[in-house]
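Novice: what follows is a protein structure lacking sequence information:
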Ligand SMILES: Cc1cc2nc3c(=O)[nH]c(=O)nc-3n(C[C@H](O)[C@H](O)[C@H](O)COP(=O)(O)OP(=O)(O)OC[C@H]3O[C@@H](n4cnc5c(N)ncnc54)[C@H](O)[C@@H]3O)c2cc1C
């Protein structure tokens with residue numbers, strides 16, 4: 001397609017990571033870039049949540065890639081980890097580790113050290129115009145970077161003060177996190193305990209209460225709750241990434257990790273690819289299909305397999321991971337292997353499409369194969385523990401005292 005914007009304005013919908021990455025590259029190349037953001041600031045979708053930028057979908061360290069694209073990784077705070085506590089469903093704890101960087105924890109939100117504000121600063125310095133509190137029709141934009149639309153899964157977390165050292169713990173547990181996992185991240189005296197629900201639940205807050213109770217029992221947290229956070233993830237594979245001349249990037253384009261929900265790297269990468277395509281470097285559709293879609297598909301196939309199993313399957317995965325680490329001496333190998341398309345995964349794809357995804361025509365005419373929010377199972381209903389009930393009461397007190405909630409829990 002020959003675009004007619006060589007000297008004209010470029011309009012980007014959404015000032016999240018994907019939109020800001022695209023805007024920075026375009027503005028640096030002299031384009032007149034306008035970013036339209038419905039919220040009052042970049043990162044306002046979040047509120048101090050910690051997230052991990054993964055380093056396993058490519059052999060290249062993501063920070064090296066960012067530097068190559070001209071992004072300054074010192075613009076935001078990040079903490080690199082090469083080891084985690086992997087908590088198996090039967091509470092056994094093992095330690096996947098690598099000599100390199102497995103992932104980096106960054107903060108999301110509107111504080112100046114967050115990745116969102118770092119990318120905002122870089123976009124502004126490059127000369128992009130960001131219009132906050134602004135609406136624009138997607139049809140009037142060149143790049144659609146508006147994030148998730150619907151929910152395929154949700155996550156709830158609590159942020160607290162703690163005296164515990166920095167740590168990342170990752171728990172595969174079908175009871176506390178139906179169909180998914182929970183995690184504990186502590187950075188410099190601030191902790192986040194989060195549980196992800198990949199099956200839709202009523203009274204969803206109780207999963208977080210019970211998860212907090214579990215971590216409190218197993219880690220010396222001395223926890224002082226501050227606020228609760230969360231959000232939704234939209235998992236769907238569109239049939240095309242360029243539609244009527246518009247490029248769909250990040251989660252708006254379904255460029256998100258179906259397996260664990262690690263979407264930041266896809267968001268930034270696709271934002272960069274869209275900008276480079278506008279600058280004439282390559283064809284966006286082709287580049288995304290070569291570079292990102294195989295990873296998203298592999299993650300969808302893994303998700304399909306994960307949806308079939310409960311704790312027994314999770315235990316198997318945790319054991320496989322540790323066996324692989326023993327054999328290869330590097331815990332990151334297993335994660336890399338999970339994203340390699342391979343013959344078996346490829347053979348499973350037609351089954352995944354039929355068994356897990358539902359075809360949907362979006363209002364803009366695009367067709368997407370979405371993963372619907374799965375229904376709850378009988379085993380998701382259980383009696384809360386005494387400690388979890390107390391944590392709920394404690395949270396009510398924090399809330400009355402001004403503790404904020406950035407993502408609404410579902411009602412009972
Ligand atoms: C609780 C939670 C935990 C997560 N943890 C991780 C993690 O550990 N690691 C990881 O890599 N990923 C994680 N993710 C996923 C990651 O946050 C997203 O995949 C990533 O932020 C997507 O970036 P984006 O630019 O596509 O969308 P966003 O970051 O959502 O940005 C989209 C922007 O568009 C704006 N917008 C929406 N609609 C409009 C409109 N109509 N007009 C104008 N603007 C609009 C929004 O306000 C937003 O600012 C997590 C997500 C959640 C919810």
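Specialist: Cool, the structure landed. All values derive from a computational prediction rather than experimental measurement.
Novice: first-to-last residue distance for stretch 328-339?
Specialist: Length of stretch 328-339, first residue to last, Cα to Cα, to the nearest Å: 17 Å.
Novice: is residue 104 in a bridge, and if so with what?
Specialist: Going by DSSP bridges, residue 104 is paired in beta bridges with residue 53, residue 80.
Novice: on contacts alone, who are the packing partners of the helix ranked longest in the chain?
Specialist: In the chain, with assignment by DSSP state H, the single longest helix is helix 311-328. Packing partners of helix 311-328 (3 or more Cβ pairs under 8 Å, 6 or more residues apart in numbering; DSSP states H and E): strand 85-87, strand 167-172, helix 293-307, helix 332-338. Just so you know, the C-beta spots here come from the backbone N, C-alpha and C atoms, and that holds for glycine as well.
Novice: measure the closest residue to residue 207 other than its chain neighbours to the ligand for me?
Specialist: Residue nearest to residue 207 in three dimensions, not counting chain neighbours: residue 195, with 5.0 Å by Cβ to Cβ, 6 or more residues apart in numbering. If you measure residue 195 against the ligand using Cβ to the nearest ligand atom, to the nearest Å, the figure is 10 Å.
Novice: possible to save the helices and strands packed on helix 311-328 as CSV with mean neighbour count and mean pLDDT?
Specialist: Below are those laid out as CSV (neighbours: other Cβ atoms under 10 Å; pLDDT from 0 to 100):
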stretch, mean neighbour count, mean pLDDT
strand 85-87, 21, 98
strand 167-172, 20, 97
helix 293-307, 21, 93
helix 332-338, 18, 95
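Novice: before we move on, back to that, just the mean pLDDT for the helix or strand where the residue nearest to residue 207 lies, thanks.
Specialist: Assessed by DSSP states H and E, residue 195 sits inside strand 190-197. Per-residue pLDDT values across strand 190-197 average out to 97.
Novice: can you tell me the strand partners of that strand and which way each runs?
Specialist: Sheet pairing of strand 190-197 (DSSP bridges) gives strand 153-161 (antiparallel), strand 181-187 (antiparallel).
Novice: what sits up against the longest helix of the chain?
Specialist: The contact list for helix 311-328, computed with Cβ atoms under 8 Å, 6 or more residues apart in numbering, reads 86, 88-90, 92, 94, 96-97, 172-175, 305-306, 309, 331, 333-334, 337.
Novice: try stretch 203-221
Specialist: So stretch 203-221 is in contact with 87, 91, 154, 156-158, 160, 162-164, 167, 169, 171, 173, 175-178, 182, 184, 191, 193-195, 197, 201, 223, 228, 384-385, 387-389, 391-392, 395, 409-412, going by Cβ under 8 Å, 6+ apart.
Novice: buried subset of the residues you listed?
Specialist: Buried members of those, counted by 16 or more other Cβ atoms under 10 Å: 87, 154, 156-158, 160, 162, 167, 169, 171, 173, 176-178, 182, 184, 191, 193-195, 197, 201, 223, 228, 384, 388, 391-392, 395, 409.
Novice: how long is stretch 22-35 end to end?
Specialist: Taking Cα to Cα, stretch 22-35 runs 10 Å from one end to the other.
Novice: ok so, going back, please identify which of the strands paired with strand 190-197 is closest to the ligand.
Specialist: Nearest to the ligand among those is strand 153-161 (3.6 Å), distances taken as Cβ to the nearest ligand atom.
Novice: quick one: mean pLDDT over the closest one.
Specialist: 96.
Novice: which residues are in contact with it?
Specialist: 47-49, 179-180, 189-198, 204-205, 207-208, 212, 221, 223-233, 235, 261, 373, 395, 407, 409.
Novice: is the ligand within reach of that strand?
Specialist: Yes - contact between strand 153-161 and the ligand, assessed by Cβ under 6 Å from any ligand atom, occurs at residue 155.
Novice: then stretch 297-310?
Specialist: No - Stretch 297-310 does not reach the ligand (Cβ under 6 Å from any ligand atom); its nearest approach is 11.7 Å.
Novice: who's in contact with that stretch?
Specialist: So stretch 297-310 is contacted by 174, 179, 198, 235, 237, 257-260, 313-314, 316-317, 338-342, 345, 348-349, 351-352, 355-357, 371, 374, 379 (Cβ under 8 Å, 6+ apart).
Novice: what's the PyMOL line that selects buried ones from the residues you listed?
Specialist: Remark: buried members of the contacts of stretch 297-310, expressed as a PyMOL selection using 16+ other Cβ under 10 Å:
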select buried, resi 174+179+198+235+237+257+258+259+260+313+314+317+338+339+345+348+352+356+357+371+374
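Novice: among the contacts of stretch 297-310, which ones are in strands?
Specialist: Judged by DSSP state E, the contacts of stretch 297-310 include residue 237 as members of strands.
Novice: show me the shaky parts of the stretch 301-412 of the chain.
Specialist: 411-412 (pLDDT under 70).
Novice: find the closest residue to the ligand in it.
Specialist: For the stretch 301-412 of the chain, Cβ to the nearest ligand atom, closest residue to the ligand: residue 407, 7.4 Å.
Novice: for that residue, give me its contacts.
Specialist: Counting by Cβ under 8 Å, 6+ apart, residue 407 makes contact with 154, 156, 228, 229, 230, 231, 232.
Novice: before we move on, what about residue 127?
Specialist: 27, 28, 33.
Novice: would you list these in a markdown table and tack on distance to the ligand?
Specialist: A markdown table is the format used below for these (distance: Cβ to the nearest ligand atom, whole Å):
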| residue | distance to the ligand |
| --- | --- |
| 27 | 17 |
| 28 | 19 |
| 33 | 15 |
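Novice: show me which of those is closest to residue 62.
Specialist: Among these, residue 28 lies closest to residue 62 (Cβ to Cβ), at 19.7 Å.
Novice: which non-adjacent residue is nearest that closest one?
Specialist: Nearest non-adjacent residue to residue 28, counting by Cβ to Cβ, 6+ apart: residue 126, 4.6 Å away.
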